[in-house]
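> kindly return the folded structure for what I paste below:
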Amino acid sequence: MFINNDESNHPATLDYHSLLTMATRASSSLSAITLLQQRQEIPRVNMVEPDWDDFLEKMRLLMRNNVKNDVIDILTSNFSTTTKVESLLSCVAIMDTFKQYFEYRCVITKCGIRNVHFMGTLDDWKLLRHKTEQLQNFTTSRNDSFATYIQGLLPIIDKFIETYQGNVDNKFWNKIMDIKHWGGGRSGSPAGTNVTGWFLHLCYGLHEQKKCDIQQIRLNTLVVPVKVENELINQSKMCYVAGGFHGIESRDGRHKPVMSLAIMDDTTTIGPCTRK
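You can find the predicted model right below:
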């Protein structure tokens, strides 16, 4: 995640052999299994990719509990000038130093969505419900695909509002999503992952299905073409405004989608202004 090409400042270039000899007499049997057993106490939720910042710091703390003579604290970069990148590189340097004694693993388990955090105000959620209901006015019939989609959304938003007000329906929240893997293994048979639950009602195009393959769940990027006529320099070109959900922000065990926006120039379309 973090790259530093300045090798002269890289903590991994230091020779810690004498500290290793002094610090531990651990045998090769002291491996990741010991660490992973302790990591089970660290709160986790499902994620597609690891939270590497958190993983590196937690691994440093776990190694601290398994190495003698405070050597981990000695090797930790915790000066007043230490930046976030330097702190993480310090963790990596420690892991590199002790890699002959430990095997490092990051296991992402299917522990489910245990908590939800509602942002905004109650009026925001009521406004969302009102706007969603108004979209029914743009359907061609009560039975078309879009109308069915809206009809499936409204009960879910109602549950959101009830939860915000403190009326939690655990049965409803326990049915957000269920993931089941099938196939694969040593036989070499095809493998896949099926998704069920009311989460599918949030995905237009999948809202009428009881289950789908996880690869079918996609967030499309919005792309809008705009022709730019710059009379000041007599130049014309096409630009594209692109945006959508393009990432996940993880903080304090909470995860939320991140939206982004970009303006892209198509340099192949540059020419003189055509506007009269």
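
> distance of residue 91 relative to residue 103?
Using Cβ to Cβ, to the nearest Å, we find residue 91 at a distance of 16 Å from residue 103. The C-beta positions use only the backbone N, C-alpha and C, and glycine is treated the same way.

> neighbour count winner among these two?
Higher neighbour count among residue 91 and residue 103: residue 91, with 24 against 14, using other Cβ atoms under 10 Å.

> which residues does the more buried one contact?
Each residue near residue 91 by Cβ atoms under 8 Å, 6 or more residues apart in numbering is listed here: 56, 57, 59, 60, 76.

> give me the pLDDT for the fourth one.
For residue 60, the model assigns a pLDDT of 91.

> can you tell me the helix or strand for it?
In the assignment (DSSP states H and E), residue 60 maps to helix 52-64.

> name the helices or strands packed onto that helix?
Helix 52-64 sits against helix 32-39, helix 71-75, helix 84-97, with contacts defined as 3 or more Cβ pairs under 8 Å, 6 or more residues apart in numbering; DSSP states H and E.

> residues contacting the nearest residue to residue 199 once chain neighbours are set aside?
Excluding its sequence neighbours, the residue lying closest to residue 199 (Cβ to Cβ, 6 or more residues apart in numbering) is residue 177, at 4.4 Å. Counting by Cβ under 8 Å, 6+ apart, residue 177 makes contact with 113, 195, 196, 197, 199.

> just the buried residues of the residues you listed.
In those, burial by neighbour count holds for 195, 199, counting by 16 or more other Cβ atoms under 10 Å.

> ranges for the strands of the stretch 51-200 of the chain?
Using DSSP state E, counting those that start in this stretch, the strands of the stretch 51-200 of the chain run over 178-183, 191-196.

> among the helices and strands packed on helix 52-64, which comes closest to residue 145?
Of all the helices and strands packed on helix 52-64, helix 32-39 sits nearest to residue 145, with 44.9 Å by Cβ to Cβ.

> show me the domain layout of the chain.
Using automatic domain parsing, the domain parsing of the chain gives 7-97, 122-216, 222-271.

> what is the neighbour count of residue 245?
Neighbourhood size, residue 245 [other Cβ under 10 Å]: 13.

> next: the one 4 residues further on.
Neighbours of residue 249 under the rule other Cβ under 10 Å: 9.
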